[in-house]
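Asks: quick one, fold the following:
(one chain, ligands or ions: 1)
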Amino acid sequence: MALTWTHKDRGEIRVHENLEELSIDLVDYIAEISEASIKEHGAFCIALSGGSLINLMGKLVEPPFNKIVDWAKWYVFWADERVVGKNHDDSNYKLAKDNLLSKVNVFPRHICSINDTVSAEDAATEYEFAIRQMVKTRTVTASENSDCPKFDLILLGMGSDGHVASLFPNHPALEVKDDWVTFLTDSPKPPPERITFTLPVINSAASVVVVATGETKANAVHLAIDDLPSLESSLSLPARMVQPSSGNLIWFMDKPAGSKLDGFKFSE
Ligand SMILES: O=C1O[C@H](COP(=O)(O)O)[C@@H](O)[C@H](O)[C@H]1O
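Replies: Predicted structure coming up:
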């Protein structure tokens, strides 16, 4: 059974017994938000990430989820993408297409992926333009609190360095406030060229989920969530900068990733 609690300002924390339990809870949550968003505004606008997250979403393509989810109302985006060809093994689009999107009935025209034939800078500009068009036509809701889109759900993985999307510790991309999408050509994790949602967009979502598994993430999870002495908390850890202004923040993790959390230690 999951150990669950709510931190006063870091959202809801769910530490799962194992990956099987985590993946069931994660897809349950996605299906629930999908249904609620479709009821509310007729569409579900979800932004995916890459990495280990996509495997943990695998149960969405199995019964009962493949039948009960209203795939025709899904609009799929990426919180970050590597600037490589769509058939390249590093492509977040390819990962999601192979494991998820090719197995359910999402309309191809509802899949908003980046242009893989242009530079990182141009890909970021075009992707932001496409999202702006979808806000104008009200497919994507506009935030009431900022000049940003309000995605129904942004799913983020987290690296062991605390990066989320392609926002890396101490990288200037963390400071971008006026763009929805920015680009980098010097990612510390390969491949170097990437595009990413900026923090204002992530923090304007109706729901943000961060998924972290494995012991190598335990320290970053602790730094991202626990109350810290002021020196440590001033670290520019991207995962700690995920602070939705009015939306929900939920952390899904397994026991090894949660093992250094204050709440986890006290419960043992
Ligand atoms: O490079 C990336 O890494 C993160 C984390 O990946 P994980 O395999 O450690 O879960 C991922 O969320 C991001 O989308 C990706 O581009």
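
Asks: how about the strands in the stretch 101-250 of the chain?
Replies: Using DSSP state E, counting those that start in this stretch, the strands of the stretch 101-250 of the chain run over 141-142, 149-150, 153-157, 181-184, 194-197, 207-212, 248-254.

Asks: do you know which of those lies nearest N99?
Replies: Taking CB to CB, strand 153-157 is the member of the strands of the stretch 101-250 of the chain nearest to N99, at 13.5 Å. Quick note: C-beta positions are derived from backbone N, CA and C, even for glycine.

Asks: what does the stretch 51-200 of the chain have sitting close to the ligand?
Replies: 51-53, 80, 92, 156-157, 159, 165-166, 189 (CB under 6 Å from any ligand atom).

Asks: buried among those residues? Need that as a selection in PyMOL.
Replies: Those of these that count as buried under 16 or more other CB atoms under 10 Å are selected in PyMOL with:
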select buried, resi 51+52+53+80+92+156+157+159+165+166
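
Asks: residues in contact with N92?
Replies: N92 sits next to 48-50, 78, 80-82 when contact means CB atoms under 8 Å, 6 or more residues apart in numbering.

Asks: with T196 instead?
Replies: Neighbours of T196 in contact, by CB under 8 Å, 6+ apart: 79-81, 165-167, 173, 181-184.

Asks: quickly list what it is bridged to.
Replies: Per DSSP bridges, the residues bridged to T196 are D80, T182.

Asks: tell me the pLDDT at it?
Replies: Looking at T196, its pLDDT reads 99.

Asks: let me know the distance separating it from L237.
Replies: Relative to L237, T196 is positioned 16 Å away (CB to CB, to the nearest Å).

Asks: re the thing from before, most neighbours among the contacts of T196, which one?
Replies: E81 (31 neighbours; other CB atoms under 10 Å).

Asks: residues contacting that residue?
Replies: By CB under 8 Å, 6+ apart, the residues touching E81 are 50, 91-93, 113-114, 123, 127, 166, 194-196.

Asks: closest one of those residues to the ligand?
Replies: In terms of CB to the nearest ligand atom, no member of those lies closer to the ligand than G50, at 3.6 Å.

Asks: which phi and psi does the closest one have?
Replies: phi -110, psi -150 (degrees, to the nearest 10).

Asks: that one reaches L95, doesn't it?
Replies: Yes. The criterion here is CB atoms under 8 Å, and G50 meets it with L95 at 5.5 Å.

Asks: which parts of the stretch 1-150 of the chain are helices?
Replies: 19-41, 53-56, 65-68, 92-99, 120-136 (DSSP state H, counting those that start in this stretch).

Asks: what sits up against the last one?
Replies: Pointing back at helix 120-136 there. 45, 75, 77, 81, 83, 112, 114-116, 118, 140-142, 149, 179-185, 193-195.

Asks: buried members of those residues into PyMOL, please.
Replies: Written as a PyMOL command, the selection of buried residues from these, which uses 16+ other CB under 10 Å, is:
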select buried, resi 45+75+77+81+83+112+114+115+116+140+141+149+180+181+182+183+184+193+194+195
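
Asks: ok, the closest residue to D70 other than its chain neighbours - how many residues close by?
Replies: Distance criterion CB to CB, 6 or more residues apart in numbering; nearest residue to D70, sequence neighbours excluded, is I38 at 5.5 Å. I38 is flanked by 17 other residues according to other CB under 10 Å.

Asks: also N18?
Replies: If we define neighbours as other CB under 10 Å, then N18 has 11 of them.

Asks: could you do the one 4 residues further on as well?
Replies: By other CB under 10 Å, the residues close to L22 number 23.

Asks: I figured it was touching W251, is that so?
Replies: No. Contact criterion CB under 8 Å: L22 and W251 do not qualify, at 10.9 Å.

Asks: quickly list what's touching both of the two.
Replies: Joint contacts of L22 and W251 (CB under 8 Å, 6+ apart) are 14, 211.
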